[in-house]
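> based on what follows, work out the 3D shape:
(one chain, ligands or ions: 2)
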Amino acid sequence: MPVRLSMTVNGKAVAAEVASRTLLVDFLRDQLRLTGTHIGCDTAQCGACTVHIDGRAVKSCNMLAAQADGAKVTTIEGLADSEEKMHPMQSAFRDHHGLQCGYCTPGMIMSALDLVARNPDPDEAQIRDGLEGNLCRCTGYHNIVKAVKAGAAAMKK
Ligand code: FES
Ligand code: FES
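Ligands and ions are numbered 1, 2, ... in the order given. As a prediction, the model looks like this:
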């Protein structure tokens, strides 16, 4: 059964018709071609698909596109001011080697930004706690934590 939905994605109004069972992650990737949001498990365990819905981090494989009707959705593509100027948290991941294969990185960054929005100066334990829903198969957690700390500091400037 198709459903009509409208939402704001990365600041742009989007209207579409989707099958009622369509997951938000599939809508973002397949219909909007926002493939920076990754699918790692499809069962709400890895966090690779994390996006923001109305400012909060959400695993987009764990909700239907129809449930985001009327919401403001932000994906990793919506963070940078321009192609030349990355978001400070993205720059921090690059500068502190917070990624290896990069598969988990968009989800890590979206979860990190949710954490920093609630706690602008998180310590290491708080960062590890805040990212517990995000898994890195390359196991680069040490540098991810460093990157989030640096990104949070850069965002205060
Ligand atoms: S793909 Fe959504 S949590 Fe793994
Ligand atoms: S950098 Fe490879 S999964 Fe995290």
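
> pull up the residues of this structure that are close to ligand 1.
Taking C-beta under 6 Å from any ligand atom as the criterion, the chain approaches ligand 1 at residues I39, G40, C41, D42, A44, Q45, C46, G47, A48, C49, K59, C61. The C-beta positions use only the backbone N, C-alpha and C, and glycine is treated the same way.

> count of neighbours near the last one?
Here the neighbour count serves as a burial measure; for C61 (other C-beta atoms under 10 Å) it reads 23.

> make 355 the starting number, not 1.
Shifting the count to begin at 355 puts that one at C415.

> name all residues that make contact with it.
If you count contacts by C-beta atoms under 8 Å, 6 or more residues apart in numbering, C415 has them with L377, L378, V379, I393, C395, D396, T397, A398, C403.

> quick check: domain ranges of this structure?
Dividing the chain into domains by automatic domain parsing, as the record does, gives the ranges 356-432, 442-509.

> A422 and ligand 2, how far apart?
The spacing between A422 and ligand 2, counted by C-beta to the nearest ligand atom, to the nearest Å, is 25 Å.

> how close does that residue get to D408?
Distance, A422 to D408, using C-beta to C-beta, to the nearest Å: 9 Å.

> find the nearest non-adjacent residue to N473, please.
The shortest distance from N473 to any residue other than its chain neighbours is 6.0 Å, reached at Q480 (C-beta to C-beta, 6 or more residues apart in numbering).

> what number of residues lie near that neighbour?
Tallying neighbours of Q480 according to other C-beta under 10 Å, which is how burial is gauged here, yields 17.

> that one and ligand 2, how far apart?
In this structure, Q480 lies at 20 Å from ligand 2, with C-beta to the nearest ligand atom as the measure.

> wasn't that residue part of a helix?
Yes: when DSSP: H, G, I helix; E, B strand; the rest coil is applied, Q480 is found to be in a helix.

> go ahead and confirm it touches A466.
No: if you go by C-beta atoms under 8 Å, Q480 and A466 don't touch, sitting 11.1 Å apart.
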